[in-house]
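Q: Any chance you could fold what I've pasted below:
(chains A, B, C and D)
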Number of protein chains: 2
Amino acid sequence: MSSDDAPLGLRERKKRATRDALADVALRFAAERGMEGVTVEAVTDEVGVSVRTFFNYFSCLEDAITRPDQGSAERMRQAVLNAPQELSALNALREAIGQELAHIDQDHERWELQTAALRKSPSLMNGFVTARCADERALVAVLAERLGKDPDSDLSPRLLAHVSNAAVRASVELWVASGRTRTFQSIYRQAFAMLAAGLSD
Amino acid sequence: MSSDDAPLGLRERKKRATRDALADVALRFAAERGMEGVTVEAVTDEVGVSVRTFFNYFSCLEDAITRPDQGSAERMRQAVLNAPQELSALNALREAIGQELAHIDQDHERWELQTAALRKSPSLMNGFVTARCADERALVAVLAERLGKDPDSDLSPRLLAHVSNAAVRASVELWVASGRTRTFQSIYRQAFAMLAAGLSD
DNA sequence: TCATGAAGATGCATACTATGCAATTTTGCG
DNA sequence: CGCAAAATTGCATAGTATGCATCTTCATGA
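A: Alright, predicted model coming up:
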C-alpha cells in the first residue's frame, strides 16, 4: 500500500514527530479555547520548540490546525478516476468523499477535536473541508479528466467540485447545529441525493 | 427608493467619503498589485488619513477590498421572500442573485477592478461572493423562512444557500478562466440550470 | 570511530496587521 | 461664540510572518 515504511532515519522521524506534535497541540488548543485563544507561542511552548520552528513547518496557524491527512489528495484522485463508469460524476464524488470522511472518522479523537474547534470557530470550516476531502483545485482537475472536458471552457467540472464542497459544508454545519441527533453519514448522503434530484423541493 | 438622502450632515458625508475613499483605493491597489502588494499604510497614505483611522472603518484589509454594497443583504432578503410562490426556492435564489449581480455590474469600473483583483488574488473570491450576493448566514435564515423549515433540523435551506454560493463561485471562476468569451450572465444561468436538472451529466 | 557536510533549529531583525487607550481635533447646535 | 459629542490621531502593545546568520544535530563515508 504505502511507498516506504522501513527506511525512515532518525532525522525524518523527528521531523514528523515535531510536525505532528505542533499540529496536535494547535488543534487541541483550538478545540479548547477557539482560534482567538490560541497563539503560535503557546503552541511552541507546549511542544518545546521555538516560534521560528513552527513557521518552518506551517505557513500559518490555521494550516497547522486544519492540516490535511497525508495522501488525502491522491486517494481522492484515485477514487474519482477509478469509480465505475456507470456512476455519474456526482455519484463518483459522493463515494470518494464518503470514503475520505470515513477514513478521517476512524481517528475518533481527532474527529471530536475538529468538530469542537469548528463549533468555537466556524471560520475553520473552509480549511477543514479543503484540507480533508475536497481541495477544489485538485478536484476540478480530476473531474475534468474523468469527464474528458476542458476545465477552462466547460462549466461542469468546476460546478461539480464547488457544489460537492458546498454539500459537505452544509452537512457538517447541520450535523453540528442539530446536536448530532442524526449520523453525519446520513445527512451527507441526503445532501447528495437532493443534489442528484435537482433541488426542487 | 432609498430611505434618507436629504438630511445628511457634513459629519456623515465626510465619514462616507472617507470610507468610500479607503475602499476604493484598497480595491484599486489590489487590482494593480494583488493582495500581497497592498499594505494598510499605502492605502491610508494615498487617502490622507492615519493607519488607525483605517481600522476605525474596517476590521481588516480584506474587508475594505471586498466591502458589500450598502443594502445588498436587505435586497436579497426581499427578493427571495417576495419571489412568486410558484417559483422553486432554487429559482427564486437564481433571480435574486441575478438581480444583485446586475446591480453590481452597473458600476462597470468597479466590476473590472474586482475581477482584476480576483485574477491576481483568488483568495478574495470568498470575500467578494459573501459580500456582494450571498452572505450565507443571512441566506440560510431567509431560505428557511420562505420554505417554512427549521434551519437547524432541516437540510434544505442550508444546502440551497451553500450550493447557490458554489454556483456563483464556479461561474465567476469559469468566466475569468475562459477569458470572458461568454457573458457572465449566460454562464451563471447555465449553472443554475444544471443544478435544477440534477447534475447528472 | 570520527570528521565533515548537509539538514534542521534557533535567535534576531524586520515588516505588517490589529486593538485598546488617551489626547487632540473637528463638527453640530444652542 | 462656546460647549458637547463624535471623529481622528499617536502611542503602546500583542501577534503573525519572513529572511538571514548562526549553531546544533544527523548521516555518511573514509
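Q: where's the residue nearest the centre of chain A relative to residue A:72, distance?
A: Chain A has residue A:132 as the residue nearest its centroid, 1.3 Å off, counting by CA atoms, centre = their mean. Taking CB to CB, to the nearest Å as the measure, residue A:132 falls 6 Å from residue A:72. All C-beta atoms are positioned from the backbone trio N, CA, C, and that covers glycine.
Q: Likewise for residue A:154?
A: 26 Å.
Q: do residue A:119 as well
A: 23 Å.
Q: Who has more neighbours out of the two?
A: residue A:72 (18 against 13; other CB atoms under 10 Å in any protein chain shown).
Q: Please report how far that one lies from DNA strand D.
A: For residue A:72, the distance to DNA strand D (CB to the nearest atom of the strand, to the nearest Å) stands at 22 Å.
Q: OK, contacts around that residue?
A: Counting by CB atoms under 8 Å, 6 or more residues apart in numbering or on different chains, residue A:72 makes contact with A:100, A:103, A:131, A:132, A:133.
Q: ok so, going back, list the residues that contact both of residue A:132 and residue A:72?
A: Common contacts of residue A:132 and residue A:72 (CB under 8 Å, 6+ apart): residue A:100.
Q: Give me the average confidence score over stretch A:15-32.
A: Here stretch A:15-32 scores 98 as its mean pLDDT.
Q: Give me the residues contacting that stretch.
A: A:37-38, A:42-44, A:46-47, A:49, A:53-54, A:57-58, A:61, A:64-65, A:67, A:110, A:112-114, A:116-117, A:120-121, A:124.
Q: near DNA strand D too, which of these?
A: Filtering these for neighbours of DNA strand D using CB under 7 Å from any atom of the strand leaves A:38, A:61.
Q: Give me the subset of the contacts of stretch A:15-32 lying in strands.
A: Taking DSSP state E, every one of the contacts of stretch A:15-32 sits outside strands.
Q: how about the residues of chain A that lie near DNA strand D?
A: Counting by CB under 7 Å from any atom of the strand, chain A sits next to DNA strand D at A:9-12, A:14, A:38-41, A:52, A:55, A:59-62.
Q: From these, list just the buried residues.
A: The neighbour count (16 or more other CB atoms under 10 Å in any protein chain shown) marks A:38, A:40, A:61, A:62 as buried among these.
Q: What is the most widely separated pair among those?
A: Using CB to CB, those reach their maximum pairwise distance at A:40 and A:62, which is 11.0 Å.
Q: if you look at the residues of chain A next to DNA strand D, which of them are in helices?
A: A:10, A:11, A:12, A:14, A:40, A:41, A:52, A:55, A:61, A:62 (DSSP state H).
Q: Redo those as CSV? Include distance to chain B.
A: As requested, those are exported to CSV (distance: CB to the nearest CB, whole Å):
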residue, distance to chain B
A:10, 38
A:11, 33
A:12, 32
A:14, 33
A:40, 19
A:41, 21
A:52, 21
A:55, 17
A:61, 16
A:62, 12
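Q: Also within reach of DNA strand C: list those from those.
A: Okay, of those touching DNA strand C (CB under 7 Å from any atom of the strand), that's A:11, A:14, A:52.
Q: Take these and write them to a markdown table, including distance to residue B:29.
A: A markdown table is the format used below for those (distance: CB to CB, whole Å):
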| residue | distance to residue B:29 |
| --- | --- |
| A:11 | 44 |
| A:14 | 43 |
| A:52 | 30 |
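Q: got the residues of chain A near chain B?
A: A:88-90, A:126, A:147, A:151-153, A:155-156, A:158-163, A:165-167, A:169-171, A:173-174, A:177-178, A:187, A:190-191, A:194-201 (CB under 8 Å from any CB of the partner chain).
Q: which residues touch residue A:125?
A: For residue A:125, the contact set (CB under 8 Å, 6+ apart) comprises A:118, A:169, A:172, A:173.
Q: hmm, which two among those are most spread apart?
A: Among these, A:118 and A:169 lie farthest apart (CB to CB), at 10.6 Å.
Q: what's the domain layout of chain A?
A: A:10-65, A:72-197 (automatic domain parsing).
Q: Tell me which of these sits most buried.
A: domain A:72-197 (a mean of 18; mean count of other CB atoms under 10 Å in any protein chain shown).
Q: Please list the residues of chain A that sit near DNA strand C.
A: The interface of chain A toward DNA strand C, taken as CB under 7 Å from any atom of the strand, is made up of A:11, A:14, A:15, A:18, A:48, A:49, A:50, A:52, A:53, A:56, A:57.
Q: Distance check, the first one against residue A:24.
A: When you say that, I think you mean residue A:11. Taking CB to CB, one finds residue A:11 at 20 Å from residue A:24.
Q: do the same with the second one
A: Here residue A:14 is placed at a distance of 15 Å from residue A:24 (CB to CB).
Q: and what of the third one?
A: Shown here: residue A:15 relative to residue A:24, a distance of 15 Å by CB to CB.
Q: Find me the pLDDT at residue A:201, would you?
A: As predicted, residue A:201 sits at a pLDDT of 70.
Q: With pLDDT as new columns, can the buried ones among the residues of chain A next to DNA strand D be given to me in TSV?
A: Putting these into TSV (pLDDT from 0 to 100) gives the following:
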residue	pLDDT
A:38	98
A:40	98
A:61	98
A:62	97
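Q: Tell me the one among those nearest to DNA strand C.
A: DNA strand C lies nearest to residue A:40 out of these, by CB to the nearest atom of the strand, at 11.7 Å.
Q: for that closest one, what are its contacts?
A: Contacts of residue A:40 by CB under 8 Å, 6+ apart are A:51, A:54, A:55, A:61.
Q: out of those, who's nearest residue B:139?
A: For those, the nearest to residue B:139 is residue A:61 (28.8 Å; CB to CB).
Q: The closest one contacts residue A:41, doesn't it?
A: No. Residue A:61 lies out of contact with residue A:41 (CB atoms under 8 Å); the separation is 10.5 Å.
Q: so residue A:41 makes contact with residue A:51?
A: Yes. Look at residue A:41 against residue A:51 with CB under 8 Å: they come within range, at 5.6 Å.
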